[in-house]
Structure formats: structure tokens, C-alpha cells
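Asks: coordinates only, no sequence provided:
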């Protein structure tokens, strides 16, 4: 069973992660926020891709559920920490962290003069 302490320890171990308050939650971010921890320490909201959200919610319905409303439609997913092992929590954090990395900018193609 994973705990809020596990989440904080694992998230802050991921390269470039910082913690800051976010409304009534603790937010963990790199380029963008990838997970928030509820004030009661029982749940966390992860930012997954739609495909990742669907997979996790279908494989572990006791552990993961889309956040209600429009946020859930954008991939935000509530994880119940007590329903996750520490390894499962670490995997979810790494997935969300990887998707929150700053994306390299695409260079404009040089146009040839002819």
C-alpha cells in the first residue's frame, strides 16, 4: 500500500521535479504539473495521455478513475494511494513525469532560394 510519503519521496527523486502549493493540494512539476497530492494524502491526480488513462483505469479500476468532468476528458486521473503498491505508484509517477517534460521546439524548415 502506497502512502503520501511514498509519493512525495518518489516524485522528488525524479529529475527536475519541484514541489509547490496548488490550491489545497501539493503539486509536483517539471515543465508542467504532472501530479497533485490531496491535502488528506489519500489520493493523487495524475496527468496522463488519454490512452494511458484508459489503460490504467481499465486494468486497475479500484486504483484509478478519471477526474470528474472536463478535467478527466483531458487525461487527469485520480489514483487512490491505498490501492497501489509502491512499485505501481512509481510507475504511474514516471509515466506522468515523462509526459510533462518540456518538448523540444521544432525548427522552421529553411526554404531554398531558387
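Replies: That came in fine, so what should we check first? This structure is a prediction, so every number in the text was calculated from the model and none was measured.

Asks: and residue 14, how far from residue 34?
Replies: Between residue 14 and residue 34 the computed distance is 9 Å (Cβ to Cβ, to the nearest Å). (C-beta placed from N, C-alpha, C; glycine too.)

Asks: over to residue 81?
Replies: Distance from residue 81 to residue 34, by Cβ to Cβ: 16 Å.

Asks: those two: which has the busier surroundings?
Replies: residue 34 (26 against 22; other Cβ atoms under 10 Å).

Asks: now the helices for this protein?
Replies: Ranges of helices in the chain, per DSSP state H, are 4-13, 50-59, 70-73, 86-99.

Asks: deepest-packed of those helices, please.
Replies: Compared across these, helix 86-99 shows the largest average neighbour count, a mean of 18 (mean count of other Cβ atoms under 10 Å).

Asks: what angle separates it from helix 50-59?
Replies: Helix 86-99 and helix 50-59 are oriented at 170 degrees to each other (axes from the mean of the first three to the mean of the last three Cα atoms, to 10 degrees).

Asks: who touches helix 86-99?
Replies: 2, 6-7, 10-11, 14, 17, 30, 34-35, 46-49, 52, 56, 60, 63-64, 79, 81, 84 (Cβ atoms under 8 Å, 6 or more residues apart in numbering).

Asks: now residue 21: closest residue in space, sequence neighbours ignored.
Replies: residue 27 (7.1 Å; Cβ to Cβ, 6 or more residues apart in numbering).

Asks: gap between the one you found and residue 60?
Replies: 23 Å.

Asks: could you do residue 31 as well?
Replies: 27 Å.

Asks: now the end-to-end length of stretch 10-24.
Replies: Stretch 10-24 has an end-to-end distance of 21 Å (Cα to Cα, to the nearest Å).

Asks: okay then, goodbye and thanks.
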